[in-house]
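# From the sequence below, what's the structure:
(4 chains)
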Number of protein chains: 2
Amino acid sequence: MARWQPNASERLILAALELFEERGYENTTVIEIAERAGLTKSTFFRHFPDKREVLFGGDTMAGLLAKGIAEAPATATPLDAVAHALDVVGKEVFTPDRREFAARRLAVIAAHPELQEREALKGLGLTASMADALTRRGVPGLTASVAAQLGALAMKIAYERWSATTGGDDFGELARQTITDLRAAGTLC
Amino acid sequence: MARWQPNASERLILAALELFEERGYENTTVIEIAERAGLTKSTFFRHFPDKREVLFGGDTMAGLLAKGIAEAPATATPLDAVAHALDVVGKEVFTPDRREFAARRLAVIAAHPELQEREALKGLGLTASMADALTRRGVPGLTASVAAQLGALAMKIAYERWSATTGGDDFGELARQTITDLRAAGTLC
DNA sequence: GATCTGATGGGACTTGGTCCCATCACCATA
DNA sequence: TATGGTGATGGGACCAAGTCCCATCAGATC
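You can find the predicted model right below:
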């Protein structure tokens, strides 16, 4: 059992996903996850602050969305800027090779309230980040909030659509389509 | 120490709120909450499924919102129906005598991520409940989702405004005003 | 080969949460 | 008065999550 094998985090993530699929989240112990990854409980908590977080890699998304919104052309409407940000996310994070993982991850989350709770919190963070980036573009507060909220909804829907495709579909395109759908739906409110 | 004193749940809730204010959420033990309420750990978990839930009374809100939406006049637009539901909630739950408690509760939640996480989950539940009630009115899926999302945002903002007032303000009115604001903001997206 | 650095192992400890059983208050009935 | 039933509570054993601290080991550097 050689120490020092690379990709400890990745191994832990995969081990956790597999075990959650096999026995469910609450029937899986952190120690078991660590063991399957050839590591120990101590090391697990050195890589992730808690058991849930193992399925919610880093907080890079918030910064990426903010960057994408800031970089959108000055003439873009708030929702256009959000669409641009989702395009960036699609190119840098939701790449085709991660599609299958996303689908498995979504299925596990859907089956366990504790994980949904964490996802909801992450969603709040992303919404706040987008709203913040929009106000820095000069968008008035409430409008920024609404656009960010719709953006978060669009991202969620697009993520589900993307992970459910058989492959080949670009996340950015799906997101853009989703936003136009939401825009149409919003006028009926 | 007479057993059988009434209002065990209320006493636990108040004790928890006080302790969270005094020492913070993570520096407060369930045993301490129970002791201040003149009860024990066992009894605490008999009244609440976990430590967080003590600040998130029951799940009556979802049903109330659904009822309010269902009862709205047939001519009402989706957002109008939501406004009607928020009015119902204002009359049955967010009554003036609970305003001060709401303010203290919000302050505590804002200071502790674990509590924000639970609130985020509750928000998801309410959104889903509203979207569901809207589709039962014949509103198409995506439109229902958008209206529910905006409704949840309106409720959150109105709740903050309401709890921050010095008193006398009606939650339903605040919510209605908030929805008008959001509608205006939405057209700028 | 000695040393330094950083990731890992391991164990003690606290707390959240579950489970099970004993105990007590209150009520009804004889 | 007593007797039994019901439901809420007390209490303790137990497991898993998460924290802390220290020992250990691999690899790089000199």
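# And A:F20, how close does it get to A:A34?
14 Å (Cβ to Cβ, to the nearest Å). Glycine gets a C-beta too; all of them are placed from N, C-alpha and C.
# near DNA strand D, which residues of chain A?
A:2-4, A:28-31, A:41-42, A:45, A:49-52 (Cβ under 7 Å from any atom of the strand).
# Below-threshold pLDDT in chain A: ranges please.
For chain A, the stretches flagged by pLDDT under 70 are A:1-3.
# now do 80
The model of chain A has pLDDT under 80 over residues A:1-6, A:58, A:167.
# Contact residues of chain A facing DNA strand C?
Going by Cβ under 7 Å from any atom of the strand, the residues of chain A near DNA strand C are A:R3, A:W4, A:A8, A:A34, A:G38, A:L39, A:T40, A:K41, A:S42, A:T43, A:R46, A:H47.
# hmm, which of these are the buried ones?
A:A8, A:A34, A:L39, A:H47 (16 or more other Cβ atoms under 10 Å in any protein chain shown).
# I'd guessed the last one sits against A:S9; true?
Yes: counting by Cβ atoms under 8 Å, A:H47 does reach A:S9; the two are 4.9 Å apart.
# Overlap in contacts, the two.
With Cβ atoms under 8 Å, 6 or more residues apart in numbering or on different chains applied, the contact sets of A:H47 and A:S9 do not overlap.
# mind giving me the domain split of chain A?
Using automatic domain parsing, the domain ranges for chain A come out as A:8-54, A:58-186.
# just those domains: most buried one?
domain A:58-186 (a mean of 18; mean count of other Cβ atoms under 10 Å in any protein chain shown).
# gap between it and the chain center?
Domain A:58-186 sits 8 Å away from the centroid of its parent chain (Cα atoms, centre = their mean, to the nearest Å).
# again with stretch A:13-32
20 Å.
# right, is it up against chain B?
No: on the criterion Cβ under 8 Å from any Cβ of the partner chain, stretch A:13-32 is out of touch with chain B, staying 12.8 Å away.
# Quick one: residues in contact with that stretch.
Taking Cβ under 8 Å, 6+ apart as the rule, stretch A:13-32 contacts A:33-34, A:36-37, A:40-41, A:44-45, A:51, A:54-55, A:57, A:101, A:104-105, A:107-108, A:111-112, A:114-115.
# hang on, A:V139 packs against A:A148?
No: with contact defined as Cβ under 8 Å, A:V139 does not count as touching A:A148 (9.5 Å).
# Which residues of chain A lie near chain B?
So far as Cβ under 8 Å from any Cβ goes, chain A lies against chain B at A:77-79, A:113, A:116-118, A:120-121, A:123-124, A:139-140, A:142-143, A:145-147, A:149-150, A:153, A:181-186, A:188-189.
# try it again with 7 Å
Taking Cβ under 7 Å from any Cβ of the partner chain as the criterion, chain A approaches chain B at residues A:77-79, A:116-118, A:120-121, A:123-124, A:142-143, A:145-147, A:149-150, A:153, A:181-182, A:185-186, A:188-189.
# that older thread, which one of the residues of chain A next to DNA strand D sits closest to B:G68?
A:R52 (33.3 Å; Cβ to Cβ).
# on that earlier part again, can I get the buried ones among the residues of chain A next to DNA strand C in CSV including secondary structure?
Supplementary listing: those in CSV, determined by DSSP: H, G, I helix; E, B strand; the rest coil:
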residue, secondary structure
A:A8, helix
A:A34, helix
A:L39, coil
A:H47, helix
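# which one among those residues gets closest to DNA strand D?
Of all those, A:A34 has the smallest distance to DNA strand D: 9.6 Å, by Cβ to the nearest atom of the strand.
# so A:L55 sits right up against A:R105, yeah?
Yes: using Cβ atoms under 7 Å, A:L55 is in contact with A:R105, at 5.8 Å.
# In space, what's closest to A:L39 - neighbours in sequence excluded?
A:A8 (6.2 Å; Cβ to Cβ, 6 or more residues apart in numbering or on different chains).
# Report the contact partners of that neighbour.
A:L39, A:T43, A:H47 (Cβ atoms under 7 Å, 6 or more residues apart in numbering or on different chains).
# and which of those residues is nearest to chain B?
A:H47 (19.3 Å; Cβ to the nearest Cβ).
# mind checking the SS state of A:G38?
coil.
# Only alpha carbons, please: show stretch A:119-132 as CSV.
Taking C-alpha atoms only, stretch A:119-132 is exported to CSV below (Å, rounded to 0.1, in the frame of the first residue of the first chain):
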residue,chain,number,x,y,z
GLU,A,119,-26.7,22.1,-3.3
ALA,A,120,-29.3,24.6,-2.3
LEU,A,121,-26.7,26.5,-0.4
LYS,A,122,-24.3,26.4,-3.3
GLY,A,123,-27.1,27.8,-5.5
LEU,A,124,-27.6,30.7,-3.1
GLY,A,125,-23.9,31.5,-3.4
LEU,A,126,-23.9,31.4,-7.2
THR,A,127,-27.0,33.6,-7.3
ALA,A,128,-25.4,36.1,-5.0
SER,A,129,-22.2,36.1,-7.0
MET,A,130,-24.1,36.7,-10.2
ALA,A,131,-26.2,39.5,-8.7
ASP,A,132,-23.1,41.1,-7.4
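# contacts for that stretch?
So stretch A:119-132 is contacted by A:56, A:61-62, A:65-66, A:69, A:82, A:109, A:144-145, A:148-149, A:151-152, B:116-117, B:120-121, B:123-124 (Cβ under 7 Å, 6+ apart).
# What's the end-to-end length of stretch A:127-146?
Stretch A:127-146 has an end-to-end distance of 10 Å (Cα to Cα, to the nearest Å).
# what's the next secondary structure element after the helix or strand containing A:M130?
A:M130 is located in helix A:113-136, with elements delineated by DSSP states H and E. Using DSSP H and E, the helix or strand that directly follows helix A:113-136 along the chain is helix A:141-164.
# on contacts alone, who are the packing partners of that next one?
helix A:78-92, helix A:99-110, helix A:113-136, helix A:171-186, helix B:141-164, helix B:171-186 (3 or more Cβ pairs under 7 Å, 6 or more residues apart in numbering or on different chains; DSSP states H and E).
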